[in-house]
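Novice: take a look and give me a structure for this.
(one chain, ligands or ions: 3)
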Amino acid sequence: MSQLSDTLSNNHDKNIEELKELLRIPSISSSSEHKEDIQKAASWIAGKLKNIGMEHVEIIETKGHPIIYADWIHQENAPTVLVYGHYDVQPVDPIELWKTPPFEPDVRDEKIFARGATDDKGQMFLHIKAVETLMESEGKLPVNIKFCIEGEEEIGSPNLPAFLNENKEKLSCDVVLISDTDMWDKGVPAITCSLRGLCALEFTLKTANSDLHSGMFGGGVQNANHLLVQLLSTLHDSNGKVNVDHFYDDVQELTDLEKQQIEELGFDEEKLKQSLGLTDLTGGEQNYPYRERTSSRPTLEINGMWGGFQGEGTKTVIPNEAHAKITCRLVNNQNPKKIQESLKKHLEEHAPKGCTVKVTLQDTGYPFLTPIDSPMIQKAAEAYQNVYGNPPVYKREGGSIPIVTDFNQSLNAPVVLMGFGLPGENLHAPNEHFHLENFDMGILTICTFLELIHQ
Ligand code: BES
Ligand code: MN
Ligand code: MN
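Specialist: Ligands and ions are numbered 1, 2, ... in the order given. As a prediction, this is how the structure comes out:
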């Protein structure tokens, strides 16, 4: 292992320069403007996988953005690891808040700043480097490895489930290994043992057949904005609980032991309030503690709402149309499709008198939960312990990686969420960054894991 860490420190600068090349490609999956950049990122990764000695490297086109596959299968008696990651990134706005441009990676204070630095190009790259380092020092890998890297995670992985189902044999493996989550704190690693699921929808509320003069009609006709607010306010009760029928049907309470484990991990709410510029943390269900509400309870959020006049000055208008976008985070047995339907029904049934509501269903993703005593997770814990000198915390993550449950179920393999991000690295926000202390340590942890499961 000390030989590996020597190799890594010798190659450190070169490795960072390579990562910068990938970070310079603006592979934003949600905007059609960046279609070519997505292709560029995919070819860059495919090229890199070939260079490090991976075989059968393919760029597989889908209805959306391409998937990259590669494998190295020469260890007959060793397990097979499937590495998943994503090369697409979130949009960069508000661009004016970036201290250095999002696609001109900049190293300062031992961090690398760029869109995708931690989510997920930086973390995905650690696996490429782990393979390269092992190949360089041993001439072979301790286990069989497959890569499946996609370009649509940030838009809900619409085309990956079909690819998984059609390629079960090709992707078959003993464990799925993913680095797209956070550690607990500096020097304290974490294995994420649950992720929340997701469902999204939007709707349009309509009243009259056009906007109306608020002098001529005001006091007489319905205002779409008013009805929108009225409708949206039926979604939660005064205690922050979601007020949609059947929403909680498949939600299980944490056991006392699980609650206690969350308590014992400790969490500094004062520090969080300060860093967020908030006076209180009173979102969500008031009768659950903050950590539980943000990791183990489902939520319903209004992500956007608009209607009526938004230009400069005054316009005396009664708008006839208003819109809202809603997403829910889901836990344990909640079925995203069922929740979407319940929510749609709620919006239609609670539509105030005098309007129509038209709902459009959008993305869905299942929640994920894994037992922590599985052998693969225990090996991952051992790898972290060896490299960081600390055992990992088992963390329930509030965010989502919608494809994880699909991997787990369709390949019938355990998933290890071995994250190297740190909380506060601004993923999806301006000034996203990755702490370079976790760069070599991350690669080393992955190498160690692969060696540990070799037996
Ligand atoms: N890597 C994140 C998931 C994540 C978020 C891990 C926070 C750890 C902490 C992933 O890329 C992501 O952003 N997921 C989206 C999914 C959505 C766009 C379908 C999310 O959680 O919002
Ligand atoms: Mn990610
Ligand atoms: Mn993301």
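Novice: quick check, the helix or strand containing Ile145 touching ligand 2?
Specialist: Per DSSP states H and E, Ile145 falls inside strand 144-150. No - using C-beta under 5 Å from the ion, strand 144-150 never reaches ligand 2; the gap is at least 10.5 Å. C-beta coordinates here come from the backbone N, C-alpha and C atoms, glycine included.
Novice: tell me which other helices or strands that strand touches.
Specialist: Judged by 3 or more C-beta pairs under 8 Å, 6 or more residues apart in numbering; DSSP states H and E, strand 144-150 is in contact with strand 67-72, strand 80-86, helix 121-138, helix 168-171.
Novice: what does the helix or strand harbouring Glu270 contact?
Specialist: Per DSSP H and E, Glu270 falls inside helix 269-276. Helix 269-276 has contacts (C-beta atoms under 8 Å, 6 or more residues apart in numbering) with 278-281, 290, 424.
Novice: shaky segments in the stretch 1-150 of the chain?
Specialist: For the stretch 1-150 of the chain, residues meeting the criterion pLDDT under 70 lie at 1.
Novice: contact residues of the stretch 101-250 of the chain facing ligand 2?
Specialist: Neighbours of ligand 2 within the stretch 101-250 of the chain, by C-beta under 5 Å from the ion: 119-120, 180.
Novice: please pick the buried ones from the residues you listed.
Specialist: Among those, the ones that count as buried by 16 or more other C-beta atoms under 10 Å are 119-120, 180.
Novice: turn these into CSV, including distance to Ile401.
Specialist: Compiled in CSV, those are given as follows (distance: C-beta to C-beta, whole Å):
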residue, distance to Ile401
Asp119, 10
Asp120, 9
Asp180, 6
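Novice: roughly how far does Lys345 sit from Tyr366?
Specialist: 21 Å (C-beta to C-beta, to the nearest Å).
Novice: assign the nearest residue to Ser43 once chain neighbours are set aside to helix, strand or coil.
Specialist: Once flanking residues are discounted, Ser43 sits nearest to Ile59: 6.7 Å by C-beta to C-beta, 6 or more residues apart in numbering. When classified by DSSP: H, G, I helix; E, B strand; the rest coil, Ile59 comes out as strand.
Novice: which residues does Ile59 bridge with?
Specialist: Under DSSP bridges, the beta-bridge partners of Ile59 are Ile68.
Novice: before we move on, the earlier item: near ligand 1 too, which of the residues of the stretch 101-250 of the chain next to ligand 2?
Specialist: 119-120, 180 (C-beta under 6 Å from any ligand atom).
Novice: which stretches in the stretch 101-250 of the chain count as helices?
Specialist: Ranges of helices in the stretch 101-250 of the chain, per DSSP state H, counting those that start in this stretch, are 121-138, 160-166, 168-171, 224-232.
Novice: and stretch 421-429, how far from the chain's centre?
Specialist: Computed by C-alpha atoms, centre = their mean, to the nearest Å, the chain-centroid distance of stretch 421-429 equals 11 Å.
Novice: what's the span of that stretch, first residue to last?
Specialist: For stretch 421-429, the first-to-last residue distance is 14 Å (C-alpha to C-alpha, to the nearest Å).
Novice: in that stretch, which residues are buried?
Specialist: Using 16+ other C-beta under 10 Å as the test for burial, stretch 421-429 gives 421-422, 425-427.
Novice: ok, now stretch 435-450?
Specialist: Neighbour-count burial for stretch 435-450 [16+ other C-beta under 10 Å]: 435-436, 438-450.
Novice: average pLDDT for that stretch?
Specialist: Throughout stretch 435-450, pLDDT has a mean value of 98.
Novice: and it, anywhere near ligand 1?
Specialist: No - against ligand 1, stretch 435-450 shows no contacts by C-beta under 6 Å from any ligand atom, the least distance being 14.0 Å.
Novice: kindly export that stretch (C-alpha atoms) in CSV.
Specialist: C-alpha atoms of stretch 435-450 as CSV (Å, rounded to 0.1, in the frame of the first residue of the first chain):
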residue,chain,number,x,y,z
HIS,A,435,-11.2,18.9,-1.2
LEU,A,436,-7.9,17.6,-2.7
GLU,A,437,-7.1,15.9,0.6
ASN,A,438,-9.7,13.3,-0.5
PHE,A,439,-8.2,12.9,-3.9
ASP,A,440,-5.2,10.6,-3.2
MET,A,441,-6.9,9.2,-0.1
GLY,A,442,-10.0,8.4,-2.2
ILE,A,443,-8.0,6.6,-4.9
LEU,A,444,-6.1,4.7,-2.2
THR,A,445,-9.4,3.7,-0.5
ILE,A,446,-10.8,2.4,-3.7
CYS,A,447,-7.5,0.4,-4.4
THR,A,448,-7.6,-1.0,-0.9
PHE,A,449,-11.2,-2.0,-1.3
LEU,A,450,-10.5,-3.8,-4.5
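Novice: Leu97 and Pro430 touch, don't they?
Specialist: Yes - assessed by C-beta atoms under 8 Å, Leu97 is found in contact with Pro430 at 3.8 Å.
Novice: the two: which has the busier surroundings?
Specialist: Pro430 (16 against 11; other C-beta atoms under 10 Å).
Novice: element containing Glu301?
Specialist: Assigned by DSSP H and E, Glu301 falls in strand 299-307.
Novice: any idea how the protein splits into domains?
Specialist: 2-195+367-454, 197-251+298-365 (automatic domain parsing).
Novice: which of those sits most buried?
Specialist: The highest mean neighbour count among these, using mean count of other C-beta atoms under 10 Å, belongs to domain 2-195+367-454: a mean of 19.
Novice: so how far is it off the chain centroid?
Specialist: Worked out by C-alpha atoms, centre = their mean, domain 2-195+367-454 lies 12 Å from the chain centre.
Novice: do stretch 260-275 as well
Specialist: For stretch 260-275, the distance to the chain centre is 22 Å (C-alpha atoms, centre = their mean).
Novice: now do the buried residues in it.
Specialist: Quick answer for stretch 260-275 (16+ other C-beta under 10 Å): Ile262.
Novice: send the alpha carbons of that stretch over as PDB?
Specialist: The C-alpha coordinates for stretch 260-275 follow below in PDB (Å, rounded to 0.1, in the frame of the first residue of the first chain):
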ATOM      1  CA  GLN A 260     -30.800   6.800  18.800                       C
ATOM      2  CA  GLN A 261     -28.000   6.200  16.300                       C
ATOM      3  CA  ILE A 262     -28.900   9.400  14.500                       C
ATOM      4  CA  GLU A 263     -28.900  11.300  17.800                       C
ATOM      5  CA  GLU A 264     -25.600   9.800  18.800                       C
ATOM      6  CA  LEU A 265     -23.900  10.900  15.600                       C
ATOM      7  CA  GLY A 266     -24.500  14.400  16.900                       C
ATOM      8  CA  PHE A 267     -25.100  17.400  14.700                       C
ATOM      9  CA  ASP A 268     -24.400  21.100  15.200                       C
ATOM     10  CA  GLU A 269     -27.600  22.900  14.300                       C
ATOM     11  CA  GLU A 270     -26.300  26.300  15.500                       C
ATOM     12  CA  LYS A 271     -23.300  26.000  13.200                       C
ATOM     13  CA  LEU A 272     -25.600  25.100  10.300                       C
ATOM     14  CA  LYS A 273     -28.000  28.000  11.000                       C
ATOM     15  CA  GLN A 274     -25.000  30.300  11.000                       C
ATOM     16  CA  SER A 275     -23.500  29.000   7.800                       C
END
